[in-house]
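Peer 1: Whatever this is, show me its structure:
(2 chains, ligands or ions: 2)
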Amino acid sequence: MSTFLYLVEHDRGRIDETATGGMTGARLLAERTGSELHAVAIGAGAEAAADRLAAYGAEQVHLVSHDLLTDYGPDAWAESLFQLAGSVGAGAVIATGTDRGNEVMAQVGARADLAMVANCLEIEPDGDDWLMTRVRWGGSLHERARLSAPVKLVTLAPHSTDAAPSDQPAAGIVSGFTPDLSEADAVTIVVDRVTVSEGITLATAPVVVSGGRGMGSAEAFDIIEELADLLGGAVGCSRVVTNNGWKNHKFQVGQTGTVVAPDLYIACGISGAIQHWVGMMNAKNVLAINIDRDAPMVTKADWAVIADLHQVVPAISAEITRRRTLAAESG
Amino acid sequence: MRILVCVKRVPAPGAKIVLTPDAQDIDASLLGFAVSPHEECAVEEAVQIVEREGGSVTVMTLGPPEAEEQLRSAVAVGATSVVLLPSDIPDWDPVSTSTALVSAISRLEDEEAPFDLILFGNESADSGGYQVGIRVARSLGRPMVTGIKGIDTEGDSVAARRETPSGWEVYRLPLPAIVGVKEGINLPRYPTLKGRMAARRAPVATMEPAESASGQSKVMLMTPPDAGSAVEILGEGPETAPAIVDIMEGLGLV
Ligand SMILES: Cc1cc2nc3c(=O)[nH]c(=O)nc-3n(C[C@H](O)[C@H](O)[C@H](O)COP(=O)(O)OP(=O)(O)OC[C@H]3O[C@@H](n4cnc5c(N)ncnc54)[C@H](O)[C@@H]3O)c2cc1C
Ligand SMILES: Nc1ncnc2c1ncn2[C@@H]1O[C@H](COP(=O)(O)O)[C@@H](O)[C@H]1O
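Peer 2: Ligands and ions are numbered 1, 2, ... in the order given. A predicted model of the protein is given here:
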């Protein structure tokens, strides 16, 4: 029976839905190929996650430790994973396609001189090969790909499998693994951290009020900020806005910006190019404010107002303020 | 500082991606082309470093002969020299791409001098393999980190910053090193008239790309199913505000 390794990302033993969803995807794949799933956790505190990993199907949980593994480092992590894969004779090494997951798996691929297929949505075994659907263009296109390799190296697109514990919890036997690391592997380890505390972040805000080229200027974003504040939401923008220097790139939504999934996305003067759309297509509701009835953002939205945003946006803010004042007076 | 930037030519689709009838490629017959955005920022970063410290910026691409257009656009914003690895094979897989780049880089380094810094994009916009730079780094035996949104040169090392949900993590890499950058690291400049003239005259060096095999192959491309929503037009002016706020109240947001 072949062994599959799944690299777990954890924060001192705490694992989130990205990791449990990844474990679920890896377990389903292991079941389909008659393989056994092991979890791999690198860094301090990982033992705290062992029970949950067993619940999600880990027959074994490998806790990787070494004096040089002080913090995250792509080389040290990849070298550890590569050595562990060799020592258990893994048939596949799997991670979730996060920044770290893709980086570490690419490093493993480079070490093993094997292909690594990033951001897979679905994988089916086909004889000794795997056939997969993977993400291209940030999600606006899918690719059917074939992977022929003695050891399969893949990342699963984040959130591509809903987290679900196994019907029968696995044994979750905890074992330690100490890789053979050298100073060369430690060159790329994080040497410093800077914490920036921000209020509502774009990635997690319940409402995003976003402006595009139709804003016309940096100053015009005042009305976007006012509305976002009233709704307890975050401000977003399109790439045209960032390229014009009206807003910092950290506000950019899309393929090369931030991916958002708010309850409501309000797109003001944004045409809805595919690279913007993939950044907000998981919003539960979309309201478009645009002068062009045929703009893709309008035709794909749930609601639209065909008008000048410079008039509509302040009117919405005024209406919210009016109702709140009324409620406060009567309450 | 002697810097190399590897860029990729990609189509710039609009609201929808249309595939060729054989589903092997994007139908680009009506589309413009661009340098993949992360890499556009990599070029800008390299030019800024060289403006500060002196040196040269070489920009290289593996792609169709038309990719010369993207190389010239790099000259227009400050690249010193450009190299094209021309190939009519569309879609090189990541292993083959990195093999071709490594062999060209080795030749350039043998002919002149090693690059102190090589910049890649975090991922290519079209195929998004998240790995070509890492494979090149491994072959050349140089340290590499990806996802970088800040580079400070410090003598014979660079400090590279990566954004995390709570702030920044910092890496310090001894040169020669390789860094994968993300859009947002800087604001790429627009070409000047002088830059555009230089771009037109710039010689484009070409090198035959080395080929190799890998276990990954493309079967076909597919456009994901459209969620398809029937839009409700609320109105045509600011008088729609109450209806909008009603919706917000319905969603529990007000
Ligand atoms: C590889 C790649 C990656 C990219 N990544 C991203 C990304 O991450 N994010 C991103 O946003 N883009 C990205 N882009 C760019 C994208 O293709 C579009 O160019 C961009 O999203 C367009 O921005 P926009 O909608 O603001 O501008 P436009 O497309 O110019 O649209 C402006 C809209 O505003 C409307 N308008 C004008 N005036 C008013 C008014 N007074 N009131 C109301 N409406 C008005 C117009 O009708 C129009 O619909 C990427 C492109 C490429 C090639
Ligand atoms: N054909 C190419 N020519 C030059 N550089 C490339 C090419 N393909 C990819 N790259 C570089 O490698 C990075 C990562 O690509 P990928 O592994 O495809 O996501 C890109 O951002 C580019 O900097």
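Peer 1: what helix or strand is residue 110 on?
Peer 2: Went with chain A since none was named. helix A:99-112 (DSSP states H and E).
Peer 1: nope, chain B please
Peer 2: helix B:94-111.
Peer 1: tilt between that helix and helix A:99-112?
Peer 2: Helix B:94-111 runs at 70 degrees relative to helix A:99-112, counting by axes from the mean of the first three to the mean of the last three Cα atoms, to 10 degrees.
Peer 1: hmm, the helix or strand following helix B:94-111 in reach of ligand 2?
Peer 2: Next in sequence after helix B:94-111, counting helices and strands by DSSP H and E, comes strand B:117-121. Yes: Strand B:117-121 reaches ligand 2 (Cβ under 6 Å from any ligand atom) through B:Phe120, B:Gly121. For every residue, glycine as well, the C-beta is placed using N, CA and C.
Peer 1: Quick one: the helices in chain B, in order.
Peer 2: B:37-53, B:68-76, B:94-111, B:132-140, B:193-201, B:241-250 (DSSP state H).
Peer 1: Give me the contact list for the fifth one.
Peer 2: Okay, so that is helix B:193-201. Here helix B:193-201 makes contact (Cβ atoms under 8 Å, 6 or more residues apart in numbering or on different chains) with B:Arg72, B:Ser73, B:Val75, B:Ala76, B:Val77, B:Gly78, B:Pro191.
Peer 1: ok, now which ones touch the fourth one?
Peer 2: Under the criterion of Cβ under 8 Å, 6+ apart, the contact list for B:Ala76 reads B:Pro191, B:Thr192, B:Gly195, B:Arg196, B:Ala198, B:Ala199.
Peer 1: And for the third one?
Peer 2: Residues in contact with B:Val75 (Cβ under 8 Å, 6+ apart) are B:Val59, B:Val82, B:Gly195, B:Ala198, B:Ala199, B:Ala202.
Peer 1: Kindly recompute the last result at 10 Å.
Peer 2: B:43, B:57, B:59, B:81-82, B:191, B:195-204 (Cβ atoms under 10 Å, 6 or more residues apart in numbering or on different chains).
Peer 1: if I read this right, B:Leu62 contacts B:Ile105, doesn't it?
Peer 2: No: counting by Cβ atoms under 10 Å, B:Leu62 stays clear of B:Ile105, with 11.3 Å between them.
Peer 1: and the contacts of B:Ala76, which two are the farthest apart?
Peer 2: B:Thr192 and B:Ala199 (10.3 Å; Cβ to Cβ).
Peer 1: Overlap in contacts, these two.
Peer 2: Common neighbours of B:Thr192 and B:Ala199 (Cβ under 10 Å, 6+ apart) are B:Ala76, B:Val77.
Peer 1: so where does A:Leu81 fall, helix or strand?
Peer 2: Here A:Leu81 is assigned to helix A:74-88, by DSSP H and E.
Peer 1: following that helix, which helix or strand comes up?
Peer 2: According to DSSP H and E, the helix or strand after helix A:74-88 is strand A:90-96.
Peer 1: Would that following strand count as contacting chain B?
Peer 2: No: with Cβ under 10 Å from any Cβ of the partner chain as the criterion, chain B is not reached by strand A:90-96; the gap is at least 11.1 Å.
Peer 1: Number of residues surrounding the closest residue to B:Val136 other than its chain neighbours?
Peer 2: In space, and not counting its chain neighbours, B:Val136 is closest to B:Ser98: 4.9 Å by Cβ to Cβ, 6 or more residues apart in numbering or on different chains. By other Cβ atoms under 10 Å in any protein chain shown, the residues close to B:Ser98 number 28.
Peer 1: picking up where we left off before, export the contacts of B:Ala76 to JSON lines and tack on distance to ligand 1?
Peer 2: Shown next, in JSON lines, are the contacts of B:Ala76 (distance: Cβ to the nearest ligand atom, whole Å):
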{"residue": "B:Pro191", "distance to ligand 1": "17"}
{"residue": "B:Thr192", "distance to ligand 1": "22"}
{"residue": "B:Gly195", "distance to ligand 1": "21"}
{"residue": "B:Arg196", "distance to ligand 1": "21"}
{"residue": "B:Ala198", "distance to ligand 1": "24"}
{"residue": "B:Ala199", "distance to ligand 1": "20"}
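Peer 1: Just give me the closest of those residues to ligand 2.
Peer 2: Nearest to ligand 2 among the contacts of B:Ala76, counting by Cβ to the nearest ligand atom, is B:Ala199 at 18.5 Å.
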